[in-house]
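Trainee: following is a predicted model, sequence given first.
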Amino acid sequence: MRMRLLRRLPRIPGGVLVLAALFLAAYLVFVWAYLPEDESGLLPNDCRTVHVAMMVAGISTARSAVITVKSILALRTTALHFHFLVDDAASDTLKTLFNTWRLENVQCSYYNIAEHILDVAWVKTAHSSGAFGLAKLTYDVVLPHVSTVIAVDADVLFTCDVARLALYTDYFDVQQMIGAVAQQSDWYINGSVGDLRPDVVWPAAGRGINTGVLLLDLDRMRQERWRDLWSRLAREELRVRTQTGLADQDIFNLVALHHPDLVYELPCSWNVQAHAHVTQHCYREEKICAIHWNSPEKLLSEHALAREFRDRHELVKRVDGRLLRSAPSFCGAESRSAQANDLDDHVIDCAAIIRAGAHVYRTHVNYAVLAEQQGLYNCTAARMPWLPARVVQPVRTHVQARSVIAAQARFATHLATLHKRLRVDAADAARLDSVGILCEKAANPQPHARAAPAVDITAVLHLSADRISSLQGILRAWQGPISVAIYASDDYLDKLDWFLDNIDDRTSPVAVHLVFVEGPFYPVNFMRNVALRAVHTSHAIMLDIDLVPSLGSYKALLQLLRVPRYAASAIIVPAFETDAYSTIKLDEKEDAVHAWRAEQIRPFRVREWPQGHAATNYSRWAVADEPFPAALGPGAEPYFVLPAPVPLYDQRFVGFGWNKVSYVATLARERSFFVAPDAFVVHRGHAPSPDLAAFRSRPEYRACMQELLGDVLERGA
């Protein structure tokens, strides 16, 4: 279990931004003392754009990369351009995040790793990241219009302005094109480490260099034909070694060993390596500008400054992303202290509701995916004329992977192995970059592979961070996939990580998305849409976090949806409530009927809003063993299952009031509704939300929401 994740900070009433500002101020003060004394002459050029490149593959790496980016943004003095080499999972996450973050003077570009993976996949590696760990070798090709770039791993935290690092290219001589910090462990000196065989520990000059942070002169690398240089040396070395142990780092060191004149040694303050086996001279003698957790244990690694480094990481993680939007003044341009369309946390009126309804909230989709499942892909390589005639072409195989790009990477590795086994000439093997790989999701998977069911239902949920404990009940009761959007601030992330780490094992995936707090209203329909866009099943059930399905609901609904008539319709799931603040255990329909007749439960909101669930016709449902049609009247807001693609909600509705009624009114014009006979949900009682309190106490609030509802109904008339 992670340490100190549940530490609480004092709450400042009404001061979310004030508290966040204190976090950022504390961080800036914390790192100021660590500016290296030997860089006093390096002053950033205000008009220079600093380019930063990162390889980001997978959801967990994307989560780490965001913290690295935040550490760069917190101390920037120049314009920034981030270059992300991504797979499809990371691409969706990062594009959504940066499109909704609205950072000043920051550009982001994205490059599909599948287009470049074949350039490196022929290098067999024991590194856990596989071929992705070799991606830094391709930056000269991936970034053809960039002159110099800082190449950084996603497990690095900066405590100095990266513009200072970029200026070290001014110290390169006419031959140098790689700026790197020395390796701070004896990995290359010992000849073998831990359980690794000596044949995967590559040669290096002395301790070698570490490639977690690199400063690359890409223009010079292209002039010196970098790709030909490293690939020639790597092919020669692979004749005596089976694979690399540290992926790209081994090959950069091989080049540095044969061509030391190409390397400029950076001060070790720019890559202080944080794990138990490093020499600690950088800890003692240098002030720190970049912390690199380059061990498998990452933040849990123990060393002399482990606690201090973890504290810095936690501080950056908790800095409010809103405070990083504005850039400092540079190149003659004045920075705005706040974005023009930022929301005021304290204004609650109709104009504020309209602004909140039009607002785009910072969103991190797929912050975590629990029990992520692999799919089966059919992969084909169409153009390989260099293969012997005895090999049937095109080459095809089945690949298990979590994404199409991951499947392409695995297949590329298979092809590289194939050419070695068939003793294909190295010059012909270099043509692997033009074989034309295509990977598609298998329509008829092999018998041993688990196929995704043709009919499946994703539970679509949303909640504010203070209701996270309610998620456990649904996780236990719903056996199918779940997509949940959580409304939280940055300083809640440690608690969320702890919660996710301690969820019981599941067989169906749970996709967790974050929408970051901004303004006084809960963006209810924005949240629903974030969760909806992540649905990849044939159907979705629309629920609120306080509704716990019966244990048999998932299977009952699946069986119902296998009937074409019902699969194309909206299926109402009866909802009950109780005065108890804990859910009554109701596993089967008979339990619910008995509890209703005994007045232990009642139809949901029957006292406050009876028309909301009148269409369920509870009396008929109690004796029904087949679905029956439902007639929806004005004000109806049942919970239901819909076939994909599910229409999105009207995001103008924020806070409390008419957000479901407006949606159902639109659906009812074009859909048939049926009531499921054997499924139901039970509402878990809770204290009124702040939005409900505001709706009840503020006439202007109610009038504004009523006007929005009228607009929806008028459009459909």
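Mentor: Nice, thanks for sending it over. None of these values were measured; they are calculated from a predicted model. Numbering: from 1, shown residues only.
Trainee: tell me the pLDDT at the closest residue in space to L80 that isn't next to it in sequence?
Mentor: Distance criterion Cβ to Cβ, 6 or more residues apart in numbering; nearest residue to L80, sequence neighbours excluded, is V106 at 4.9 Å. All C-beta atoms are positioned from the backbone trio N, CA, C, and that covers glycine. For V106, the pLDDT comes out at 96.
Trainee: count of neighbours near V106?
Mentor: 20 (other Cβ atoms under 10 Å).
Trainee: next: T666.
Mentor: 17.
Trainee: helix, strand, or coil at it?
Mentor: helix (DSSP: H, G, I helix; E, B strand; the rest coil).
Trainee: one step back: need the contact list for the residue nearest to L80.
Mentor: If a contact means Cβ atoms under 8 Å, 6 or more residues apart in numbering, then V106 has 73, 79-82, 98, 327 as its contacts.
Trainee: lowest pLDDT pick from those?
Mentor: A327 (76).
Trainee: that older thread, what about the residue nearest to L80, distance to F82?
Mentor: Separation of V106 from F82 (Cβ to Cβ, to the nearest Å) stands at 7 Å.
Trainee: between those two, which contacts overlap?
Mentor: Shared contacts of V106 and F82, defined by Cβ under 8 Å, 6+ apart, comprise F98.
Trainee: can you map out the strands along the stretch 601-717 of the chain?
Mentor: Assigned by DSSP state E, counting those that start in this stretch, the stretch 601-717 of the chain shows strands spanning 602-603, 628-629, 639-643, 673-675, 681-683.
Trainee: out of those, which is closest to I541?
Mentor: Closest of the strands of the stretch 601-717 of the chain to I541 is strand 639-643, at 4.6 Å (criterion: Cβ to Cβ).
Trainee: about what we covered before: can I get the strands of the stretch 601-717 of the chain in CSV including distance to H594, mean pLDDT and mean neighbour count?
Mentor: What follows is the strands of the stretch 601-717 of the chain, written out as CSV (distance: least, Cβ to Cβ, whole Å; pLDDT from 0 to 100; neighbours: other Cβ atoms under 10 Å):
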stretch, distance to H594, mean pLDDT, mean neighbour count
strand 602-603, 13, 96, 18
strand 628-629, 21, 97, 12
strand 639-643, 22, 97, 22
strand 673-675, 19, 98, 21
strand 681-683, 13, 94, 23
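Trainee: closest one to L257 among the ones you listed?
Mentor: strand 639-643 (60.5 Å).
Trainee: and the contacts of that closest one?
Mentor: 457, 538-544, 547, 557, 561, 567-573, 575, 667, 671, 673, 676, 681.
Trainee: buried subset of those residues?
Mentor: When those are checked for burial by 16 or more other Cβ atoms under 10 Å, the buried set is 457, 538-544, 547, 557, 561, 567, 569-573, 575, 667, 671, 673, 676, 681.
Trainee: burial check on the nearest residue to F526 once chain neighbours are set aside, number of neighbours?
Mentor: Ranked by Cβ to Cβ, 6+ apart and with sequence neighbours excluded, the top spatial neighbour of F526 is Q651, at 4.8 Å. Residues within reach of Q651, counting by other Cβ under 10 Å, total 20.
Trainee: do you know the pLDDT at Q651?
Mentor: 96.
Trainee: tell me the contacts of it?
Mentor: Going by Cβ under 8 Å, 6+ apart, Q651 touches 357-358, 523, 525-526, 529.
Trainee: give me the buried entries from the residues you listed.
Mentor: When the contacts of Q651 are checked for burial by 16+ other Cβ under 10 Å, the buried set is 357, 523, 525-526, 529.
Trainee: and A65, helix, strand or coil?
Mentor: helix.
Trainee: ok, the residue nearest to D456 when sequence neighbours are not counted - contacts?
Mentor: Nearest non-adjacent residue to D456, counting by Cβ to Cβ, 6+ apart: T537, 4.0 Å away. T537 sits next to 456-458, 480-481, 644 when contact means Cβ under 8 Å, 6+ apart.
Trainee: can you tell me which two in those are farthest apart?
Mentor: Across the contacts of T537, the longest distance by Cβ to Cβ is 13.7 Å; it joins G480 and A644.
Trainee: and those two? Which one has more around it.
Mentor: Neighbour comparison, G480 and A644: the larger count goes to G480, with 21 against 12 (by other Cβ under 10 Å).
Trainee: what helix or strand is that one located in?
Mentor: For G480, there is no host helix or strand (DSSP states H and E).
Trainee: I'd like the distance between it and F132.
Mentor: In terms of Cβ to Cβ, G480 sits 31 Å off from F132.
Trainee: do R652 as well
Mentor: 41 Å.
Trainee: I'd like the strands of the stretch 601-717 of the chain laid out as a markdown table, including distance to L118.
Mentor: Below are the strands of the stretch 601-717 of the chain laid out as a markdown table (distance: least, Cβ to Cβ, whole Å):
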| stretch | distance to L118 |
| --- | --- |
| strand 602-603 | 60 |
| strand 628-629 | 56 |
| strand 639-643 | 39 |
| strand 673-675 | 51 |
| strand 681-683 | 49 |
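Trainee: ok so, going back, okay, R652 and F132: which has more neighbours?
Mentor: The residue with more neighbours, out of R652 and F132, is F132; 25 against 18, by other Cβ under 10 Å.
Trainee: show me the contacts for the more buried one.
Mentor: Here F132 is in contact with 55, 57, 87, 113, 117, 409 (Cβ under 8 Å, 6+ apart).
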